[in-house]
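Participant: I need the structure of the sequence given here:
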Amino acid sequence: MTTTDLEYKYRVTVAGATRLLPFTEAKKHTAYPALCIFHQDDPARAEKGSHLCAACVEWVRTSFDDIAQRWPDLEEALGANGGASSAERVSGTGDLYPPLPINTNISEVMGKARALVWSTVGQLIQDRPDQRLPRDHGTGVLADWLARWHVDYLATHPSVDHLLAVGNELAARAEDCRRTVYRANTYELEMRDSHCHQATEDATGQRVPCRGQVVGILKPDGSKVVQCDVDPLHFMPADQWFQGQARRSPRPSRAINTLKKKYAFKRSHDA
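Facilitator: Here you go, the predicted model:
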């Protein structure tokens, strides 16, 4: 039995007839589109022999890398309040400590990201049985492995449905990881009557002003940012935000300095 015999099989059209071929052979007969499958409203030319344009190939790579890079922070945040993700054995007794509470919001984000990474890896192994997994099967390690070596595998996959499913899910899971890490262990300080000055998209895809309010954030590393309460990806360093406010606002500089001291440079429990 050859490696090809073990490969997952796909339906492709060969000489006008539908055939069931193993992954390697199916790729040879796949009809790749002229335009990227993720740019239907704003067409972009696909790379030769691929379903994706160059920007989307990089987007897939970066999204897996985002999960990989943030995984240690997610693990740390999961038990930041004394929680643990599993029971621990009591040395020498054979008994188990009961599982300690965990942050369920972070656990849910990690669970969905883990499921995506493992399902992608599982299909890869079915398609290419000769592949050897990294020794460490942690989600972060596998996401990094996919980002480094297997983005082209996805971009040129004979099943466009598989690529669409992975791509759409990947966008959501990578964003979840970014937002969750950013929110973990930060102090929020209310900033009254301060509107977000960035733009967002409405239901029709049009760019419109964001309706969020901004809050001051003191991060665990001591840095200070101003962040939108609707979209946490709308943020900037606190000093830059106050400089912008000074240009926009007719308030005297003394009022701006008072706001700086009150909202950007004190922890919430000191305010």
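
Participant: element containing the residue nearest to the spatial centre of the chain, please.
Facilitator: Ranked by distance to the mean C-alpha position of the chain (C-alpha atoms, centre = their mean), the top residue is Ala174 at 0.9 Å. Using DSSP states H and E, Ala174 falls within helix 160-183.

Participant: buried residues of that helix, list them for me.
Facilitator: By 16 or more other C-beta atoms under 10 Å, the buried positions in helix 160-183 come out as 162-163, 166-167, 169-170, 173-174, 176-178, 180-183. All C-beta spots, glycine's among them, are computed from the backbone N, C-alpha and C.

Participant: report the mean confidence score over stretch 67-81.
Facilitator: For stretch 67-81, the mean per-residue pLDDT is 84.

Participant: make that stretch 229-245, sorry
Facilitator: Stretch 229-245 comes out at a mean pLDDT of 82.

Participant: for Asp136, what are phi and psi?
Facilitator: In terms of degrees, to the nearest 10, the main-chain angles of Asp136 are phi -90, psi 120.

Participant: how about Leu78: what's its closest non-neighbour residue?
Facilitator: In space, and not counting its chain neighbours, Leu78 is closest to Ile106: 4.9 Å by C-beta to C-beta, 6 or more residues apart in numbering.

Participant: the helix or strand hosting that neighbour - contacts with which helices or strands?
Facilitator: Using DSSP H and E, the element containing Ile106 is helix 104-127. Identification of packing neighbours for helix 104-127 by 3 or more C-beta pairs under 8 Å, 6 or more residues apart in numbering; DSSP states H and E yields helix 54-78, helix 139-149, helix 151-155, helix 160-183.

Participant: how about residues contacting that helix?
Facilitator: Helix 104-127 is contacted from outside by 7-8, 23, 64, 67, 71, 74-75, 77-78, 85, 131, 133, 139, 142-143, 145-146, 150, 153-154, 157, 162, 166, 169-170, 172-174, 176-177, 180, 184, using C-beta atoms under 8 Å, 6 or more residues apart in numbering.

Participant: which residue packs closest to Arg179, ignoring adjacent ones?
Facilitator: Closest to Arg179 by C-beta to C-beta, 6+ apart is Pro232, at 5.3 Å.

Participant: can you tell me the SS state at that neighbour?
Facilitator: The local conformation at Pro232, judged by DSSP: H, G, I helix; E, B strand; the rest coil, is coil.

Participant: neighbours of Gly244, how many?
Facilitator: Neighbour count for Gly244, taken as other C-beta atoms under 10 Å: 13.

Participant: which residues sit in contact with it?
Facilitator: By C-beta under 8 Å, 6+ apart, the contact set of Gly244 is His197.
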